[in-house]
Each structure stands twice: as structure tokens, then as C-alpha cells.
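# Structure, please.
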Amino acid sequence: MEYVSRLAVEPSLAAPHALAPVFVAGSSAAARRRALALVKAAGLRTPGAVSISEAVERLSHQALTSAVWIELDQDDGAPLDALLDTIDRGAGDGAYAAIVSATPGLIDAVSAKLERGRVELLIEQGDEGARIAALALATTRVGHGARLSDIAADNSAARLRQLTDEVGQIAATLARLSGGPGALTPMAPVAPPLQANDPPPEVAPETVRAVIRARRLRSRFFAEDLFADPAWDMLLDLTQAEIAQVRVLVSSLCIAAVVPATTALRWIKTLTDTGLLVRRADPHDGRRVFVEMAHSTSLAMKRYFAEVGRVAGV
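From the prediction side, this is the model:
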């Protein structure tokens, strides 16, 4: 597909490194070609693409970088872990924007290494317009001054608006939960505090399962996205897991959210940042991370089910 768009920088608004090139690495020749085509379509410069095994050293010698794009279609093991650690630190320190595009099978291995939450993770994102939009949004967030200009001739503008709206929706939802606009941290459920002698309410596992089944049943009659509520679906899944005393991987929680994996990962990140969820490293596997509810979130969910009883809504 040909793109007539370009990512232009207005000199009066650009940071000194606004025109710095994009560093590209890929796990295969095909992945590197796809990433280079993306950067070219966005109108950005790149010195070329490197393999995952040489990326850390090459990145350390690149004087200036506006963004790092990692394209993964296979698992490179230890070299990939080292690269993810490096870009997690770099993006976390604000040195550059960073985006990792990966296949669904790599969700746990990749997300386990991205602890600071500043790296954008795209899962099975086949739409090139959406990928260009993610790159544009990531670079502008870091403050490189880049601004989209003449992109009306393709669908990148629409995708950028869609992505921005999605991020805005997450922020607005969490702001309402936390009591007002901008009040995102710290955030905790609003249930009244338990008295010292009050035990947590007991929740029957069949009650939670019934709510989850009822929510899934709606997709037989309506489009799934009509009632999309990733945060609630994830809380229900984590409540069920807590009762059953099983642990939930990031990839499993993405499935429970019933939205595209990239969207689910944004929700997990935001809910974790605001204190509703907690990441726990797997002590036996450094490439896996479990997600669980914070203690206050768990209490709030138990109180909810105790309040609504067996006639819980969906």
C-alpha cells in the first residue's frame, strides 16, 4: 500500500532533536522490512534496521534517537530480554519514545520486561494506518514536537483520532472512578472502610461465574463492542481467579477483557498505574508476570457481590 502522508515538523514548535531518526530492530528479515516500510510511510528518517542480537550495542552508539521501533515475529530469547530492558530504561527516562510490535504468543515474555510502563506494546496490529498513528502519538507524547500535517489522503488521520479517543476514554473512565478529572493517582475503590473486626464478605464462585456467563451471552444477540467494558471484565476475571486461588498471566487477562490485545494492555497498564491492579513477577520464570487485584480492589469487589447477591447485574 502506498502512503502519501508524511510526518512534518514545524520548526517553531520542534524540539532540537525533533528530526532525530527512528531506531529500528526486528527479529527477522521480514520483520525488519515491515518496520522500515512503516517508518518510511510515516515520513521519518532511520539509519536502517538491525537484528535483535545487535540492537543493544547499536543503540548505545546512536547519538540521537527520536523513537525506537521493535518488530517481533519470533522470540530471540536472551538478546530480546536485554533489548527490552534497555528500551524500558530509555523510554522510562524520556530519552526516546518506544514501541514494540509483537505477535500474541509473545505477550507475556515482552510485557514482563516492560516494567516502567512507558513503552507502547502493539499486539498483532495488522493495520498500517494504526501502526503509523501509534508511532506519531508516541513521539508527540515524548515531546519531540512532531506534528501530523498532510495525511488526509490516507486513513492514518482517522486511526490517530481513533487511538487518541481510546486513550482519552480510558483516562476519562478512571477519572470518574477516582472522583474527578485528573485525579488518577492514587486511586482506590470508594467503598467505606471495613471496621477492624469485619471479615471480608464471602463470595460464592458460582455467583461470579454467572455474571461472566451472562456478559458473554450478550454477544449472541449484539455486537461485542457495543457493550465493551474491559476494566469490569478484567475485574470479574480476577475475582473469579482469586476465589479459585489461581494466578492470572497478562496474556490470560487480555483474553478476559474481550477487546483487542493492544487495547487490553493499555487498560492493564492504566489500572496498574492507578493502583487498582498489581503486577507480580513469577519467581520461577523471569519472562512471566502475573496480575492480581490490589487488596482494596478485592475488598470492593467482594462488597459489590455481597450487596447485589445472586441477582447480580452484568
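# how much space between Ala109 and Ala257?
Distance of Ala109 to Ala257, computed by CB to CB, to the nearest Å: 19 Å. All C-beta spots, glycine's among them, are computed from the backbone N, C-alpha and C.
# right, I mislabeled it, should have said Arg266
From Arg266 over to Ala257 (counting by CB to CB), the distance is 10 Å.
# Equivalent analysis for Leu64, please.
In terms of CB to CB, Leu64 sits 37 Å off from Ala257.
# between these two, who's got more neighbours?
Ala257 (21 against 12; other CB atoms under 10 Å).
# Help me confirm that the more buried one comes into contact with Pro230.
Yes. Counting by CB atoms under 8 Å, Ala257 touches Pro230, with 4.1 Å between them.
# shared neighbours, these two?
263-264, 267 (CB atoms under 8 Å, 6 or more residues apart in numbering).
# could I get the residues you listed as CSV with neighbour count and distance to Leu238?
As requested, the shared contacts of Ala257 and Pro230 are exported to CSV (neighbours: other CB atoms under 10 Å; distance: CB to CB, whole Å):
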residue, neighbour count, distance to Leu238
Thr263, 20, 17
Ala264, 23, 13
Trp267, 23, 12
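# Let's see which of these end up in helices.
Those of the shared contacts of Ala257 and Pro230 mapping onto helices are 263-264, 267, per DSSP state H.
# Pipe these into JSON lines and attach pLDDT and distance to Ala42 per row.
Converted to JSON lines, those look like this (pLDDT from 0 to 100; distance: CB to CB, whole Å):
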{"residue": "Thr263", "pLDDT": "90", "distance to Ala42": "22"}
{"residue": "Ala264", "pLDDT": "93", "distance to Ala42": "25"}
{"residue": "Trp267", "pLDDT": "92", "distance to Ala42": "26"}
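# Can you tell me which of those residues is nearest Asp285?
Closest approach between those and Asp285, by CB to CB: Ala264, at 21.1 Å.
# OK, contacts around the closest one?
230, 234, 253-254, 257.
# how about low-confidence regions in the stretch 1-150 of the chain?
Scanning the stretch 1-150 of the chain with the threshold set as pLDDT under 70 gives 1-19, 125-126, 141-150.
# Helices of that one, residue ranges please.
Assigned by DSSP state H, counting those that start in this stretch, the helices in the stretch 1-150 of the chain fall at 29-41, 52-61, 78-92, 107-111, 128-142.
# If you count neighbours, what's buried in the last one?
By neighbour count, and taking 16 or more other CB atoms under 10 Å as the criterion, the buried residues in helix 128-142 are 128-140, 142.
# swap in stretch 215-229?
Result for stretch 215-229 [16+ other CB under 10 Å]: buried residues 215, 229.
# cool, and stretch 70-81?
70-76, 79-81.
# Quick one: end-to-end distance for it.
12 Å (CA to CA, to the nearest Å).
# which residues touch the residue nearest to Leu236 when sequence neighbours are not counted?
The shortest distance from Leu236 to any residue other than its chain neighbours is 5.4 Å, reached at Ile212 (CB to CB, 6 or more residues apart in numbering). Listed by CB under 8 Å, 6+ apart, the contact set of Ile212 reads 236-237, 240.
# From the residues you listed, pick the one nearest Gly105.
The closest of these to Gly105 turns out to be Asp237 (CB to CB; 20.2 Å).
# The closest one is in what secondary structure piece?
Here Asp237, judged by DSSP states H and E, is contained in helix 230-244.
# need the next SSE after that helix, C-terminal direction.
Remark: after helix 230-244, the chain's next helix or strand is strand 248-249, criterion DSSP H and E.
# who does that next one pair up with?
Partners of strand 248-249 in the sheet, by DSSP bridges, are strand 289-293 (antiparallel).
# Pull the residues that contact stretch 28-44.
Defining contact as CB under 8 Å, 6+ apart, one finds that stretch 28-44 is touched by 3, 5-8, 21-22, 24-26, 45-46, 48-51, 66-67, 69-74, 101, 128, 131-132, 135-136.
# Give me the below-cutoff pLDDT ranges for the stretch 201-314 of the chain.
Looking at the stretch 201-314 of the chain by pLDDT under 70, you get 309-314.
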